[in-house]
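Chemist: this is a predicted model, with the sequence first.
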Amino acid sequence: MTVEGTAARKPRRSSKRTSASANKAPGAPGTEPTLEPQLVQLLTPEGERVQHPEYDLDLSPEELRGLYRDMVLTRRFDAEATSLQRQGELGLWASLLGQEAAQIGSGRALRDDDYVFPTYREHGVAWCRGVDPANLLGMFRGVNHGGWDPNSNNFHLYTIVIGSQTLHATGYAMGVAKDGADSAVIAYFGDGASSQGDVAESFTFSAVYNAPVVFFCQNNQWAISEPTEKQTRVPLYQRAQGFGFPGVRVDGNDVLACLAVTRAALERARRGEGPTLVEAFTYRMGAHTTSDDPTRYRLDDERAAWEAKDPILRLRTYLEKQGHADAAYFEQLEAESEALGKRVREAVRAMPDPDHMAMFDHVYADGHALVDEERAQFAAYQASFADGEVK
Amino acid sequence: MAVRKLPLAKALNESLRKALETDPKVLIMGEDVGKLGGVFRVTDGLQKDFGEDRVIDTPLAESGIVGTAIGLALRGYRPVVEIQFDGFVFPAYDQIVTQLAKMHARALGTVKLPVVIRIPYGGGIGAVEHHSESPEALFAHVAGLKVVSPSTSSDAYWMLQQAIQSDDPVIFFEPKRRYWDKGEVDTEAIPGELHKARTVREGSDLTLAAYGPMVKLCLEAAAVAAEEGRSVEVVDLRSMSPIDFDTIQASVEKTRRLVVVHEAPVFYGSGAEIAARITERCFYHLEAPVLRVGGYHAPYPPARLEEEYLPGLDRVLDAVDRSLAY
């Protein structure tokens, strides 16, 4: 057995990972010649607005503030959830820290009638869909396995098994096309999921049936401890080409670029031109989940490099430089953030444990004799205790 | 004419046609289900009459078929999926067990998954590897799924209608060696309940319980036993999840002996579950332990050996003798 100590805590990988291999010059050592892509970027890490020949975006100051507010509140909610896990109120939490721009940008590109198939980390997208943040915490507290009505916000349940939901999204999109609707569907997944057979099959099906679906891959560089190079030998967005639809890599820490690229992909789907793969190049600033320990496999300076590209900071810089937001605005938002944290904290602590009989509910839509029998047996067992409570 | 004599496969075909006619949300999906009409012709002519949009030839990817069927169901469709052969279902097993079976419960009942997965199953047709298996217990073990298997043309027609109308996922096992057996189908009858067993031969000395392809065998065994002066009752279970234990119990309380017959391996098979539950329910009625006849704990053998592997008339009668000897 390896003793957990200094040696074990050193990252195993000796070769230093560049923080953004996308920025390597073509032909640089360790890269495939001519394969390294340009990121679509509309807002630099320094908060400079830049133009892109293919992706235009014209947002009002109010809309820009809206994106900023979404990201700030999402991050605050996420931090609260991490704290709640540390305090024992949640069993687990999967933080989205660092991925706010990818999620808010893509989430705000959606129309109400579009449909989202998330992983378990899409808290920012859930926010955009109007799902109550407190509702997201039920499964992490262990009171349910999801527990919201997917159809009330067109936001499917979080999917734990990696990649499965891309097929559900594709099937749903096939249905949208059969209905003759002009809605679009978006499937979220990550760099790790890109290795799953289901993801490859969803690419095949969506291409063959020309389904109106956008595959939004947040390449956050790490699948728990495995870096992206353990999943692929080509930039992930290039996978699309082999399936016969376009792929694009976007700066996943640039909320404007994520919005513009996702919007274009969704519009393409609506026009009946089929699927698009968007690779949002971002970084998982935190651990995989609260059970993970990234110090065992990655270097601190990698994280530091990505900190300089923080999605929230760059938009704040831009808002300030443009005079779109003043100190009073930021103060007010800070107060709103704290209020959100407090509300979520209180909601989680007030969340009741499920009723003992709840495990027998909704196993089947049309009932099942064995479930009925076991429910009755369990109820009788419970009733056999003097005070009617199972200890 | 409402009553016709149809091969089991044709009864399924007519049932699918009826479903497509009745409900515009019903879709057929699978490999080669279109122009070819399926490798067993169960979907013969349906794409021609209902179009490629409703009778869908899919890419050759079982997980993709079931995974997209789930998405279509979430959109309000009622997909009827064909898995070409029993041994090919496992690439889709994750989607079926992890996603399809649990989604209604996970969503606290807010979404429904009316997906039917048709699987031709069982041996006896001299096929190559992976074409003769009986994996029903692997699905019956999973909460959230319903598992049924018809043994006659009439049941094939009606049980498929009912499976398609069900709001739950149903794994529909079709006894492929009986596809060509003819039986009467009354398309205007009032069908019985989907998950109710049926006593198909009355008897007083022993009960044979079976489903799918083994029902016919058990009826043959009962006929031979009758010549030897033994009155054997045969119960067609029809549904492996849920199992209609009440009907088996009533039969065993009368005959006091039970032999369960299936092609699937005996070990952890549905016979084990039936034996356990019937022992609990009928302990003081039983004159003999519940016996099981089925496949062995070995991979399904090459075709030249399958007659030895599969329960046949002699093995069933041997079990009848052993039970009656107690």
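Modeler: Okay, I see it.

Chemist: how about low-confidence regions in chain B?
Modeler: B:1 (pLDDT under 70).

Chemist: and the strands in it?
Modeler: B:3-7, B:26-30, B:55-57, B:78-82, B:116-121, B:146-148, B:170-175, B:182-186, B:198-201, B:206-210, B:232-236, B:239-241, B:258-265, B:291-295 (DSSP state E).

Chemist: now do the fourth one against strand B:116-121, angle only.
Modeler: Spelled out, that is strand B:78-82. Inter-element angle recorded for strand B:78-82 and strand B:116-121: 20 degrees (by axes from the mean of the first three to the mean of the last three Cα atoms, to 10 degrees).

Chemist: mind listing what strand B:78-82 pairs with, with the direction of each?
Modeler: According to DSSP bridges, strand B:78-82 forms sheet pairs with strand B:26-30 (parallel), strand B:116-121 (parallel).

Chemist: look up how far chain B lies from the nearest residue to residue A:287 once chain neighbours are set aside.
Modeler: The spatial neighbour of residue A:287 that comes closest, neighbours along the chain excluded (Cβ to Cβ, 6 or more residues apart in numbering or on different chains), is residue A:294 at 5.1 Å. Just so you know, the C-beta spots here come from the backbone N, C-alpha and C atoms, and that holds for glycine as well. In this view, residue A:294 and chain B are 27 Å apart by Cβ to the nearest Cβ, to the nearest Å.

Chemist: count the residues that sit near residue A:294.
Modeler: Neighbourhood size, residue A:294 [other Cβ atoms under 10 Å in any protein chain shown]: 19.

Chemist: and what of residue A:107?
Modeler: Neighbour count of residue A:107, defined by other Cβ under 10 Å: 28.

Chemist: how close does it sit to residue A:63?
Modeler: Note on residue A:107: its distance to residue A:63, by Cβ to Cβ, to the nearest Å, is 14 Å.

Chemist: now residue B:204
Modeler: 81 Å.

Chemist: for residue A:162, find the nearest of the strands paired with strand B:78-82.
Modeler: With Cβ to Cβ as the measure, strand B:116-121 is the member of the strands paired with strand B:78-82 nearest residue A:162 (22.9 Å).

Chemist: what lies in contact with the closest one?
Modeler: Defining contact as Cβ atoms under 8 Å, 6 or more residues apart in numbering or on different chains, one finds that strand B:116-121 is touched by B:12, B:30, B:40, B:42, B:66, B:69, B:78-86, B:89, B:92, B:96, B:133-136, B:149, B:160, B:163-164, B:166, B:169-176, B:179, B:212.

Chemist: likewise stretch B:273-281?
Modeler: With contact meaning Cβ under 8 Å, 6+ apart, stretch B:273-281 is reached by B:140, B:209, B:243, B:245, B:248-249, B:252, B:258, B:260, B:286, B:289-290, B:292.

Chemist: I'd like the next helix or strand past the helix ranked longest in chain A.
Modeler: Ranked by number of residues, the top helix in chain A under DSSP state H is helix A:61-86. Once the chain leaves helix A:61-86, the next helix or strand it forms, by DSSP states H and E, is helix A:100-107.

Chemist: tell me what that following helix is packed against?
Modeler: On a contact count with 3 or more Cβ pairs under 8 Å, 6 or more residues apart in numbering or on different chains; DSSP states H and E, helix A:100-107 meets helix A:61-86, helix A:123-129, strand A:213-219, helix A:255-270, strand A:276-281, helix A:311-322.

Chemist: take these and lay them out in CSV including mean pLDDT, distance to residue B:118 and mean neighbour count.
Modeler: Output for those, formatted as CSV (pLDDT from 0 to 100; distance: least, Cβ to Cβ, whole Å; neighbours: other Cβ atoms under 10 Å in any protein chain shown):
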stretch, mean pLDDT, distance to residue B:118, mean neighbour count
helix A:61-86, 98, 43, 20
helix A:123-129, 98, 36, 25
strand A:213-219, 98, 26, 30
helix A:255-270, 98, 31, 24
strand A:276-281, 98, 33, 29
helix A:311-322, 98, 48, 19
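
Chemist: much appreciated, bye for now.
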